[in-house]
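Asks: Have a look; sequence and predicted model below, questions after that.
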Amino acid sequence: MAKKWILAVLLAGCCAAPVCARQAQRVVSLGGTVTEIVYDLGEGGRLVADDLSSLYPKAATLLPRVGYYRAVPLEGVLSMKPDLVLASENAGPPNVLDRIRALGVAVSTISDAPSLSSLYKRVGQVAAQLGVPAKGEALAAKIRGGIEQARALPGESRRVLLVMNRTGQLLAAGGNTAANEILTLAGLHNVLADQQGYKPVSAEGVAALAPDMIVITSASLKASNGLAAFLASPGIAMTPAARHRRVAVMDDLLILGLGPRTGQAIRELKKAAE
């Protein structure tokens, strides 16, 4: 099937990327917030597939998945016969995306840095590629207003540790991550802000950091066998956050993605910090 599609693309000839983008009706999105933006623009009906990081809205989870956006499979994407691929700038490997382009499929690289400026740029880029720039301007304004309102709310400035549990080893969010940016926007102090990226943390390390608030993703809490087990686990149990049961459980994409629901994320964090 994939080989026949590759041949068909080659025989079809070269379609200029901007023209393909404007006419795109079979879109594959690679990146959770990219997918979320497509839906928020009211263009979800044009998506034929997305990737495993596309966790919101629910409709996104019902689409065919082509793998994970950081490890894109060539045949998985081509089998969906897309006329446009919207790919987070963190998607890859690059050689796979280059091969998709070489086969005549328009691939648009979408800004995905951990900053608000990147979020607003992302909205504009997706809207432009789908041919709905006015919708993009309206969505960006809505997101900006929601963030400004959420930031204006009163809140406690707490020392926070954000953790994930994917394989049994806790990972904590450091600086230069979307999670750190959202914590900062909520007026919270990330106890690992001086380190870059996501770092493994030991039980002893967690105890030494002594956060008075912990944020954990919902999928990670499930992997940790629930809240009671998580609070009683080594290292966590010794923190002020555990003693005061000050733990915020948040939707994975909401806290890790810096997407259209960032205002909601800030509100939830401020509420949890009370």
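Replies: Nice, thanks for sending it over. The shown structure was predicted, so the numbers you read here are calculated from the model rather than taken from an experiment.
Asks: Can you show me the CA trace of stretch 200-208 as PDB?
Replies: The C-alpha coordinates for stretch 200-208 follow below in PDB (Å, rounded to 0.1, in the frame of the first residue of the first chain):
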ATOM      1  CA  PRO A 200      15.800  11.900  36.300                       C
ATOM      2  CA  VAL A 201      15.500  12.500  40.000                       C
ATOM      3  CA  SER A 202      16.200  10.100  42.800                       C
ATOM      4  CA  ALA A 203      14.200   9.700  46.000                       C
ATOM      5  CA  GLU A 204      17.100  11.400  47.800                       C
ATOM      6  CA  GLY A 205      17.100  14.200  45.300                       C
ATOM      7  CA  VAL A 206      13.400  14.800  45.700                       C
ATOM      8  CA  ALA A 207      13.700  15.000  49.400                       C
ATOM      9  CA  ALA A 208      16.600  17.400  49.200                       C
END
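Asks: buried stuff in the host helix or strand of A179?
Replies: According to DSSP states H and E, A179 maps onto helix 178-185. Judged by neighbour count (16 or more other Cβ atoms under 10 Å), helix 178-185 contains these buried residues: 178-183, 185. Placement of C-beta: from N, CA and C, glycine included.
Asks: That helix - contacts with which helices or strands?
Replies: Counting contacts by 3 or more Cβ pairs under 8 Å, 6 or more residues apart in numbering; DSSP states H and E, helix 178-185 is packed against helix 133-152, strand 159-165, strand 170-173, strand 189-190, helix 252-256, helix 262-272.
Asks: Redo those as TSV? Include mean neighbour count.
Replies: Below are the helices and strands packed on helix 178-185 laid out as TSV (neighbours: other Cβ atoms under 10 Å):
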stretch	mean neighbour count
helix 133-152	15
strand 159-165	24
strand 170-173	24
strand 189-190	19
helix 252-256	23
helix 262-272	21
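Asks: between these, which one is nearest to L52?
Replies: helix 252-256 (11.1 Å; Cβ to Cβ).
Asks: So which residues make contact with that closest one?
Replies: 32-33, 36, 53, 55-56, 162, 164, 173, 177-179, 182, 215, 217-220, 259, 261, 264-265, 268 (Cβ atoms under 8 Å, 6 or more residues apart in numbering).
Asks: Can you give the domain ranges for this structure?
Replies: Domains of the chain are assigned by automatic domain parsing as 2-148, 159-272.
Asks: would you turn the ones you listed into CSV with mean pLDDT?
Replies: Output for these, formatted as CSV (pLDDT from 0 to 100):
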stretch, mean pLDDT
domain 2-148, 89
domain 159-272, 96
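Asks: contacting residues around A178?
Replies: 114, 256-258.
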